[in-house]
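Q: sequence plus predicted model, see below.
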Amino acid sequence: MIRKYSFPPLASSESKILILGSLPGDESIKQQQYYAHKNNAFWRLIYRIFGDEPDADYTKRCKYLLQHKLALWDVCKSAQRALSADSKITDVSPNEIDSLLCDCPNIEKILLNGHKAEKEFYRYFKKISVPAVYVPSTSPAFASMTFEEKLIAWQNEISDFKYGD
């Protein structure tokens with residue numbers, strides 16, 4: 001297995017919600033972009049929640065996220081991982097999420113994108129006082145829910161924090 005690494009956090013002091021994934025997949029690592037796999041629903045979900053269509057430009061997508069007071073990072077700083085499967089993540093070194101929360105004091109909620117992010121978060125960050133909530137994985141590998149079902153679950157968690165533009 002190959003050791004893989006997370007990206008820097010995408011956050012600002014204005015962020016209200018921190019979204020945590022597990023670790024970037026191979027396509028994201030190749031493109032150096034969060035949620036770069038064409039079938040990952042992340043960007044479509046975020047834009048749809050705010051009533052917009054995703055921008056093709058990654059830099060604009062990142063700005064859009066920040067404009068809506070959302071932050072993005074991964075639970076794992078690095079890990080061994082075969083291909084892109086969350087089930088293949090082992091030997092985790094966690095990111096410094098507690099430090100990020102100090103740098104971004106307005107974060108009021110953490111969304112854990114998928115079961116692996118949830119499992120690793122609770123393994124390493126039991127003392128964080130910011131409420132954390134599981135949301136269904138946006139990965140195409142999590143096919144037991146439709147896009148619309150995932151959208152409803154994500155909307156329910158983000159709806160109170162729509163502070164855009």
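A: Thanks, I have the structure now.

Q: low-confidence stretches in this structure?
A: 160-165 (pLDDT under 70).

Q: ranges for the helices of it?
A: If DSSP state H is used as the criterion, the helices of the chain fall at 26-31, 42-49, 58-67, 97-103, 115-124, 147-158.

Q: and stretch 152-161, what's buried?
A: The neighbour-count criterion (16 or more other C-beta atoms under 10 Å) identifies 153, 154, 157, 158 as the buried residues of stretch 152-161. Glycine gets a C-beta too; all of them are placed from N, C-alpha and C.

Q: show me the contacts for the third one.
A: When contacts are counted by C-beta atoms under 8 Å, 6 or more residues apart in numbering, residue 157 touches 17, 109, 111, 133, 135.

Q: so which of the buried residues of stretch 152-161 is the closest to residue 59?
A: Of all the buried residues of stretch 152-161, the one with the least separation from residue 59 (C-beta to C-beta) is residue 158, at 21.9 Å.

Q: quick check: residue 77 touching residue 89?
A: No: in this structure, residue 77 sits apart from residue 89 without contact. The criterion is C-beta atoms under 8 Å, and the distance is 12.0 Å.

Q: so which of these two has more stuff around it?
A: Using other C-beta atoms under 10 Å as the criterion, residue 77 and residue 89 rank with residue 89 on top: 21 against 16.

Q: residues in contact with the more buried one?
A: 22, 23, 76, 79, 80, 81, 116, 120.

Q: what do you get if the cut-off is 7 Å, keeping everything else the same?
A: The contact partners of residue 89, by C-beta atoms under 7 Å, 6 or more residues apart in numbering, come to 22, 23, 76, 79, 81, 116.

Q: surely the fourth one touches residue 2?
A: Right, the one you point to is residue 79. No: if you go by C-beta atoms under 7 Å, residue 79 and residue 2 don't touch, sitting 9.9 Å apart.

Q: who's more crowded, the two?
A: Neighbour count, other C-beta under 10 Å: between residue 79 and residue 2, residue 79 has more, with 25 against 10.

Q: which residue lies farthest from the center of the chain?
A: residue 1 (23.4 Å; C-alpha atoms, centre = their mean).

Q: phi and psi next, for residue 6.
A: As for residue 6, its main-chain torsions (degrees, to the nearest 10) stand at phi -80, psi 170.

Q: just confirm it contacts residue 77, I think it does.
A: Yes: taking contacts as C-beta under 7 Å, residue 6 lies within contact range of residue 77: 5.3 Å.
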